[in-house]
Structure formats: C-alpha cells, structure tokens
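> When you get a sec, could you give me coordinates for this:
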Amino acid sequence: MEYGRFGDTVLLRIDRGEEIIETVKRVAEKERIRLASVEALGAVDDFTVGVYDVAAKRYDSKTFTGAFEIVSLVGTITEKDGAFYQHLHMSAGNKNCEVFGGHLNRAVVSVTCEMVIRVLSGAVDRAPDPETGINLIRFAD
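This next block holds a predicted model:
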C-alpha cells in the first residue's frame, strides 16, 4: 500500500494480497480522518458482501472467489463512540460480466485497488437505530 495526501484528498493504492477494509482503517487512523467519502475501482479475487435483512436485524452474506473487477466501491468514513467507523458497499463483475455486490465485509486485492478518500471537515457519530438495528449517522445538536 502506498498513498499520498493532496489537500483534502487521499489517493491510495492498495496492492495485491492486501485486504481493503483493513487498509482503509490503517490509512484513516494514521491520517486522523474522522469524516470522508470513499470511492474506488480495481480487482479482487476473494470478497464477501451482504444484504441487510431488516426483519432479522442481520446481514445475509456471501463470499465470492475468482477473478473479479471492482465495478464500484463507495462509502463513508465516520466515527462511532469516538472510534473509526467505515461503511462501504462494493459491486464486482466476473468474466461473464455478471455483477454481485452489497455491503462490503472483506475484499482481498488481486491486482490493484485505486481509492480516492475525500476528507470532509468536522465529524459525525453513529448510533444504533432501535427499529432497524443499523448504526445510523447522528448529527450533533
């Protein structure tokens, strides 16, 4: 992994064999990023995504292995109880151009992942929503 910071933007290259979520966390903590938007593209060979079942209040996840191109990876960096918190979604396509995606649980880079992190001024927290069970963004009063 290598990255550069250009004003309010971090350009991050995640290398083959590195896990995306862990790498984003390392960079965000090192750069003291409390609030940001994330977007990326690249290739992965092992990833797990899920869809949230509101009634059951849990994610139903599925793992994919093989050659996949990241069609879209988007999300946010915020905080929960003063600690780093990321919420990422990813869709990836296989050699048949079939696309699978959802809430990103983990993804291992097969070639490269090029990520742009746009740092926003300020910070927001998250709190569990009793109705859905999801940690929703909470704005200060």
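
> which residues does the residue nearest to the spatial centre of the chain form a beta bridge with?
Centroid-nearest residue in the chain: residue 88, 3.0 Å away (criterion: CA atoms, centre = their mean). For residue 88, the beta-bridge partners are residue 75 (DSSP bridges).

> Now do the helices in the chain.
Assigned by DSSP state H, the chain shows helices spanning 20-30.

> low-scoring stretches of it, by residue?
Scanning the chain for pLDDT under 70 picks out 141.

> Would you map the strands across it?
2-6, 9-15, 36-53, 58-80, 83-93, 99-119, 125-128, 135-138 (DSSP state E).

> Which among those strands is found nearest to residue 22?
Nearest to residue 22 among those is strand 99-119 (8.4 Å), distances taken as CB to CB. C-beta: built from backbone N, CA, C; applies to glycine.

> tilt between that closest one and strand 2-6?
Inter-element angle recorded for strand 99-119 and strand 2-6: 50 degrees (by axes from the mean of the first three to the mean of the last three CA atoms, to 10 degrees).

> Verify the stated contact: the residue nearest to the centre of the chain with residue 104.
Yes - counting by CB atoms under 8 Å, residue 88 does reach residue 104; the two are 4.2 Å apart.

> Show me whatever sits in contact with both of those two.
Shared contacts of residue 88 and residue 104 (CB atoms under 8 Å, 6 or more residues apart in numbering): 20, 21, 73, 75.

> In a markdown table: the strands of the chain, plus distance to residue 26.
Formatted as a markdown table, those follow (distance: least, CB to CB, whole Å):
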| stretch | distance to residue 26 |
| --- | --- |
| strand 2-6 | 10 |
| strand 9-15 | 10 |
| strand 36-53 | 14 |
| strand 58-80 | 12 |
| strand 83-93 | 10 |
| strand 99-119 | 12 |
| strand 125-128 | 20 |
| strand 135-138 | 21 |
